[in-house]
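**Q** following is a predicted model, sequence given first.
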Amino acid sequence: MDQDNNSEDGSVGAAEDRSEEELPFLPPGLSDGEAMELLWQLRAQRRQSSPELPETVTCLTAPDGSLLYLVGTAHFSDSSKKDVAMTIRAVQPDVVVVELCQYRVSMLKMDENTLLKEAKEINLDKVQQAIKQNGLMSGLMQILLLKVSAHITEQLGMAPGGEFREAFKEAGRVPFCKFHLGDRPIPVTFKRAIAALSLWQKARLAWGLCFLSDPISKEDVEKCKQKDLLEQTMSEMIGEFPALHQTIVAERDIYLTHTLRQATCCVEAPHNAQKIPAVVVGVVGMGHVPGIERNWEKQLNIKEIMSVAPPSRFGWVFRTVIKGVVFGMLGYTCYRAGESLGRAFLSLPVVQSSLKNLRPPPA
């Protein structure tokens, strides 16, 4: 698979992992053109004109007649994986778009056991990587959200993103099908979310995530596919953190709509280059479906939701004070414990990086 994580539309190209058993048998001696035409006809025969799809699927139409089958999922759900597989097999799409960005594409190739282990283990390396990638506050927020994911993983014994891996696998079985990453880059989302919260809201959110311990069952996860329950949950979230909902949900609704509309446009038939309406399958969390439906025919401003404001001078001063207090306490502890331990602490990459950043931003 030719993967391009920096492409504007998040295209990952034609899905790989196509084993010999998954591809249709082609007679020997065919030219490239004949083989392509045969595969095109085979896909047309498999594609159902009026498919019976799960109730979690919403169909949207583009101005050129292209069709989008939007599958709303719960991210820790076996039945969502079945919904995705059933939809892709029935409509034989030209493009599959999933709610992932280039920073999370690795979960498509990792097996369930590895993902389960990764989700449960939050170590120093992950903390350093998150802070280096997103900055101090956004990085710590990412770690807290990983903790929430780990809590759900531990409760259910199931790794997240199974529906995206299912979509990737099924796309590889459809001739000419392309696989796109449709979500906004996660560093942008975290930075905009943190910037939108007040200091008090950040503290409340961090406290709630740190001490999350409510039990979660598979039945609770399946209820997330019910739109009425989901809208009720979203309403509660809006009341407590309206700015967070705006950046994490509403803005990503806009971005996902943009990438889905880019994918849902006419394609060329390989044997005669004729333009025909495309068939696209989108795989997103159920919470994004209402927003995508509302935005589908609107003019969208993508540049506005991709910008990240530079940190204010007050924010720099506050972060510097917090870093100074933390490093001072840790440094004193190391000093009391021994000089060699102090040198080891100061040589840590995260400490070195933070010390380099202790310079004020330009006025």
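**A** Arrived safely.

**Q** can you show me the helices along the stretch 1-150 of the chain?
**A** For the stretch 1-150 of the chain, the helices defined by DSSP state H, counting those that start in this stretch cover 32-46, 78-91, 112-120, 124-134, 136-156.

**Q** ranking these by mean pLDDT, which is last?
**A** Of all these, helix 136-156 carries the lowest average pLDDT, namely a mean of 61.

**Q** list the contacts for the closest residue to G65 other than its chain neighbours?
**A** Nearest residue to G65 in three dimensions, chain neighbours excluded: P277, at 3.9 Å (C-beta to C-beta, 6 or more residues apart in numbering). Backbone N, C-alpha and C define where each C-beta goes, glycine included. Contact analysis of P277 by C-beta atoms under 8 Å, 6 or more residues apart in numbering lists 62, 64-67, 266.

**Q** list the contacts of the closest residue to V279 other than its chain neighbours.
**A** Sequence neighbours aside, P93 is the residue nearest to V279 in space, at 4.8 Å (criterion: C-beta to C-beta, 6+ apart). Residues in contact with P93 (C-beta under 8 Å, 6+ apart) are 69, 171, 174, 177, 278-281.

**Q** try it again with 7 Å
**A** Residues near P93 by C-beta atoms under 7 Å, 6 or more residues apart in numbering: 174, 177, 279-281.

**Q** spatially, which two of those residues are the most separated?
**A** Across the contacts of P93, the longest distance by C-beta to C-beta is 11.8 Å; it joins V174 and V280.

**Q** what about P54, how many residues nearby?
**A** Neighbour count for P54, taken as other C-beta atoms under 10 Å: 16.

**Q** these two touch, right, it and D83?
**A** Yes: proximity of P54 to D83 meets the contact threshold set by C-beta atoms under 7 Å, at 4.3 Å.

**Q** thinking again about what came up before, distance of the residue nearest to G65 from Q92?
**A** Taking C-beta to C-beta, to the nearest Å as the measure, P277 falls 14 Å from Q92.

**Q** equivalent analysis for H258, please.
**A** Per C-beta to C-beta, H258 is found 25 Å from Q92.

**Q** whichever strand or helix holds V289 - contacts with which helices or strands?
**A** Counting by DSSP states H and E, the element that carries V289 is helix 289-295. Helix 289-295 sits against strand 67-73, helix 251-263, with contacts defined as 3 or more C-beta pairs under 7 Å, 6 or more residues apart in numbering; DSSP states H and E.

**Q** got the angle between the first one and helix 251-263?
**A** Relative orientation of strand 67-73 and helix 251-263, computed by axes from the mean of the first three to the mean of the last three C-alpha atoms, to 10 degrees: 150 degrees.

**Q** what sits up against strand 67-73?
**A** Here strand 67-73 makes contact (C-beta under 7 Å, 6+ apart) with 53, 56-62, 80, 83-84, 87, 91, 163, 225, 260, 264, 277, 279-286, 289, 292.

**Q** what's the mean pLDDT across it?
**A** Averaged over strand 67-73, pLDDT sits at 96.

**Q** got the angle for it vs helix 78-91?
**A** Using the same axes, to 10 degrees, strand 67-73 lies at 170 degrees relative to helix 78-91.

**Q** next, the buried residues of strand 67-73.
**A** 67-73 (16 or more other C-beta atoms under 10 Å).

**Q** adding distance to A273, write the residues you listed out as JSON lines.
**A** Formatted as JSON lines, the buried residues of strand 67-73 follow (distance: C-beta to C-beta, whole Å):
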{"residue": "L67", "distance to A273": "21"}
{"residue": "L68", "distance to A273": "23"}
{"residue": "Y69", "distance to A273": "25"}
{"residue": "L70", "distance to A273": "29"}
{"residue": "V71", "distance to A273": "30"}
{"residue": "G72", "distance to A273": "35"}
{"residue": "T73", "distance to A273": "35"}
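
**Q** of those, closest to L300?
**A** Ranked by distance to L300 (C-beta to C-beta), the buried residues of strand 67-73 are led by L68 at 15.2 Å.

**Q** for the closest one, give the beta-bridge partners.
**A** For L68, the beta-bridge partners are L60, V280 (DSSP bridges).

**Q** which parts of stretch 34-52 are buried?
**A** For stretch 34-52, by 16+ other C-beta under 10 Å, it's 36-40, 43, 47.

**Q** oh sorry, the question was meant for stretch 262-281
**A** So stretch 262-281, judged by 16+ other C-beta under 10 Å, has buried residues 262-265, 267, 270, 277-281.

**Q** identify the spatial nearest neighbour of I186, chain neighbours not counted.
**A** Y103 (4.9 Å).

**Q** kindly report the same for R46.
**A** Spatial nearest neighbour of R46, chain neighbours left out: Q92 (5.0 Å); criterion: C-beta to C-beta, 6+ apart.

**Q** any stretches of the chain with poor pLDDT?
**A** For the chain, residues meeting the criterion pLDDT under 70 lie at 1-25, 112, 115-128, 130-131, 133-158, 205-240, 310-363.

**Q** can we see that at 50?
**A** Applying pLDDT under 50 to the chain flags residues 1-8, 14-21, 228-231.

**Q** so can I have CSV of the contacts of P93 showing distance to Q299?
**A** As requested, these are arranged in CSV below (distance: C-beta to C-beta, whole Å):
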residue, distance to Q299
V174, 32
C177, 29
V279, 25
V280, 21
V281, 25
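
**Q** I305: which of those is nearest?
**A** I305 lies nearest to V280 out of the contacts of P93, by C-beta to C-beta, at 21.9 Å.
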